[in-house]
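Q: give me the fold of what follows.
(2 chains)
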Amino acid sequence: MIFWEIAKRNIKIHMLRSSLAMLGIVIGVVAIASMGILGNSLVLTVSDSLRTVGDSVIVTPHVGGMGGFGGGQGASSLSITEQNFQQIKRVSAPNIAIPVLQNADRMKLGVGGDDIVAPIYGLNPDDVPNLLTLKEGGYSRGDSGCLVGSTFANDNNVKVGSRIAIGTDGNKGTLRVTGIIEERGMAFDVSTDYAIVVTKNWFDQAYNRNDYDKVIVKVKNLDDLPIVKTAIENQMNKRDKIVDVVDTRKTMETLFQAFGQITAFVSAIGGISMLVAGVSILNIMMMSVTERIKEIGIMRSIGAQRKEVMSMFLYEALILGVVGSVIGGAMSLLGGYVISSVLIQTTKYLFVPSSLIYIVYGMSFGIVISLICGIYPAWRAAQLNPIDALRHE
Amino acid sequence: MNEQPVMVFKDVVKVYPLPSGDVTALGGVSFQVDRGEFISVMGPSGSGKSTLLNLMGCLDTPTSGDIYISGTRTVDMSDKELTEVRRDRIGFIFQYFNLFPLLNIIENVTFPMMLKSKKEVDPEKGRAALRSVQLDDSLFTHTPTEISGGQQQRVAIARALINDPDILLLDEPTGNLDSKTGAGIMELMSELNRKGTTIIMVTHDPNIAKYSRRTIHIADGMIVE
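A: Sure thing, here's the model as predicted:
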């Protein structure tokens, strides 16, 4: 169509100012998309490290409760008794309830090795396969074996078969490493990457315990998570609040919602530069209309309808927006690559759909802003009186 | 001859309301233009020539009275309808040629065709129109700024004729040309008129008005013939 052609040629003959207007759009798209990509990459980085199961209900003694867990039964320590674990297990059935003991202690690796301090988890051997996956070795059968986290193994050069002396000068005993746990990241249930996992029996004897620090309920059907959570709360907190019950999926959702809001906020800041670019488009389009008043008058006098005149200017805004957005989109990939490399030291989250969508958002916003900012000048051009426009010099 | 007039003005009044008081540009003008006529409209500055031209060209509407173009009453038409009348029934030729600098000669000539058909048009019709106004083929792909004033006016004439209008409206068509080129343009207009084109020409130049076969004199917004 001839009006499309005229719009293209008008942009070409005013290449410098058109380029400057497009540059504004390019900057806007890059700002929005790069910020979005960065935010999303951060979310993905965190979610990878928080690769905890979203299928658990975590029960811990109520913090801040009067007299600690087991109130009314004379218990004063913040822990879960065997009796209460059995209640939790009963109301959670048929889902699996896993009692967990945890502590931290000194330990020595090999003869002449340095003393280190690391978390120790105590689990029933039967529960371990339900909770942890091994990347090497096998699960401990006897009380003399233990599992170690992958970071712990790497940092301390621990292999399957290595021995670890627990306690000051090994006074709690020596354990043989039977397996290395696959990396789990920072988790809500147990964070084993830099920890060792022993049997409950060994833990009870070593630390004189007969209770638990938390109970993890693995829920088979995710839709049952809130039901299980409520059932445990109703059972355990009937009289006093003695346990805190956390639905990990809900917690993760809340966390990611917060991350999403941060990403949106950061992108919105990028959006301000797009609004500035839009004002630049508006300015250039107004200049274009003013310069071409006589041309508009001629067009109208020889039979161009208002909407055709309007379309000519909208095409011009559209071309500026599309070209600027496409260039901006391409540069956003580059910008995203650089920002991700510098700030989060990885670019593996750049080419995932949830990151690339921000380029689409940025480009769409660029095109829409250009069109919106082209509407008023185009409308003004279309409303010009042909007689006045023809007289214009 | 029983043919319908191309243009009829009946008691046309045009008043411009101004803050300092109403100004009557035309005070009840009536005339008729038959098909094939070549009419000059002459008058001094401020006599109402431009107002009359704007009304004849459907660029403006009268305060009162009736205007008919090929039998169609135009005074109550919407902007869209008036634009269609300008596009389909009237060919404009301006003093300053008014070609589009962004388009080449062929595109300038076929522009009104594209407005009418809403799609790409066969440039051959544009070439034929340009040849009919004796423009050399070698100029067809040039832009308006690359050709002379006389050549630009020939392009403007070809553009005005491209949609086979009922009437050609000329506004000082030689006002921006030297006398020799102007004479050439007027010869061309006479030739077109001999072939049946109806022409109304607004001019203040009696030498140019001599090319027409009838002259309407206007003074103080009235026809004084």
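
Q: nearest residue to the middle of chain B?
A: Centroid-nearest residue in chain B, with C-alpha atoms, centre = their mean: B:Leu169, separated by 1.6 Å.

Q: in chain A, which segments are predicted with low confidence?
A: A:48-54, A:64-77, A:111-113, A:186 (pLDDT under 70).

Q: just the closest residue of it to chain B, please.
A: Taking C-beta to the nearest C-beta, chain B has its nearest neighbour within chain A at A:Gly303, 2.3 Å off. Glycine gets a C-beta too; all of them are placed from N, C-alpha and C.

Q: that residue contacts B:Asp88, doesn't it?
A: Yes. A:Gly303 lies in contact with B:Asp88 (C-beta atoms under 8 Å); the separation is 7.2 Å.

Q: how about B:Leu26, secondary structure?
A: Of the three states, B:Leu26 takes strand according to DSSP: H, G, I helix; E, B strand; the rest coil.

Q: from chain A, how far out is it?
A: B:Leu26 sits 14 Å away from chain A, taking C-beta to the nearest C-beta, to the nearest Å as the criterion.

Q: show me what that residue is bridged to.
A: When bridges are called by DSSP bridges, B:Leu26 pairs up with B:Lys14.

Q: surely it meets B:Thr61?
A: No. At 12.0 Å, B:Leu26 does not count as touching B:Thr61 under the criterion of C-beta under 8 Å.

Q: tell me the strands beside the top strand by length along chain A, with direction?
A: What stands out as the longest strand in chain A, according to DSSP state E, is strand A:96-109. Strand A:96-109 sits in its sheet next to strand A:115-123 (antiparallel), strand A:163-166 (antiparallel), strand A:214-218 (antiparallel), going by DSSP bridges.

Q: count of neighbours near the residue lying closest to the residue of chain A closest to chain B once chain neighbours are set aside?
A: For A:Gly303, ignoring the flanking residues on the chain, the nearest one in space by C-beta to C-beta, 6 or more residues apart in numbering or on different chains is B:Arg87 at 2.3 Å. Residues near B:Arg87, counting by other C-beta atoms under 10 Å in any protein chain shown, number 22.

Q: show me what the strand or helix carrying B:Arg87 is packed against.
A: Taking DSSP states H and E as the definition, B:Arg87 sits inside helix B:79-89. If you count contacts as 3 or more C-beta pairs under 8 Å, 6 or more residues apart in numbering or on different chains; DSSP states H and E, helix B:79-89 packs onto helix A:306-343, helix B:105-117.

Q: can I get the strands paired with strand A:96-109 in CSV including mean neighbour count?
A: Shown next, in CSV, are those (neighbours: other C-beta atoms under 10 Å in any protein chain shown):
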stretch, mean neighbour count
strand A:115-123, 19
strand A:163-166, 21
strand A:214-218, 22
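
Q: and those: which comes nearest A:Ala7?
A: strand A:214-218 (62.5 Å; C-beta to C-beta).

Q: now do the helix or strand following the closest one and strand A:96-109, the angle between them.
A: Sequence order places helix A:225-236 as the next helix or strand after strand A:214-218, per DSSP H and E. Here helix A:225-236 points in a direction 90 degrees away from that of strand A:96-109 (axes from the mean of the first three to the mean of the last three C-alpha atoms, to 10 degrees).

Q: need the residues that contact the helix or strand that helix A:225-236 is followed by.
A: Reading on from helix A:225-236 to the C-terminus, the next helix or strand found by DSSP H and E is strand A:243-247. Strand A:243-247 is contacted from outside by A:57-63, A:69, A:80, A:84, A:188, A:225-226, A:229, A:232-233, A:236-237, using C-beta atoms under 8 Å, 6 or more residues apart in numbering or on different chains.

Q: only whichever of those residues are buried, select them in PyMOL.
A: To isolate the buried subset of the contacts of strand A:243-247 in PyMOL, counting by 16 or more other C-beta atoms under 10 Å in any protein chain shown, use the following:
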select buried, chain A and resi 57+58+59+60+61+62+69+80+84+188+225+229+232+233+236
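
Q: which of the contacts of strand A:243-247 are close to chain B?
A: By C-beta under 8 Å from any C-beta of the partner chain, no member of the contacts of strand A:243-247 lies near chain B.

Q: in chain B, which helix is the longest?
A: Ranked by residue count under DSSP state H, the longest helix found in chain B is helix B:179-194.

Q: just give me the residue right at the centre of chain A.
A: Among the residues of chain A, A:Val43 comes closest to the average C-alpha position under C-alpha atoms, centre = their mean, at 2.2 Å.

Q: show me the contacts for that one.
A: Residues near A:Val43 by C-beta under 8 Å, 6+ apart: A:256, A:259-260, A:263.

Q: quick one: mean pLDDT for the helix holding B:Arg87?
A: Regarding helix B:79-89, the rounded mean pLDDT is 94.

Q: same check on stretch B:209-220?
A: 93.
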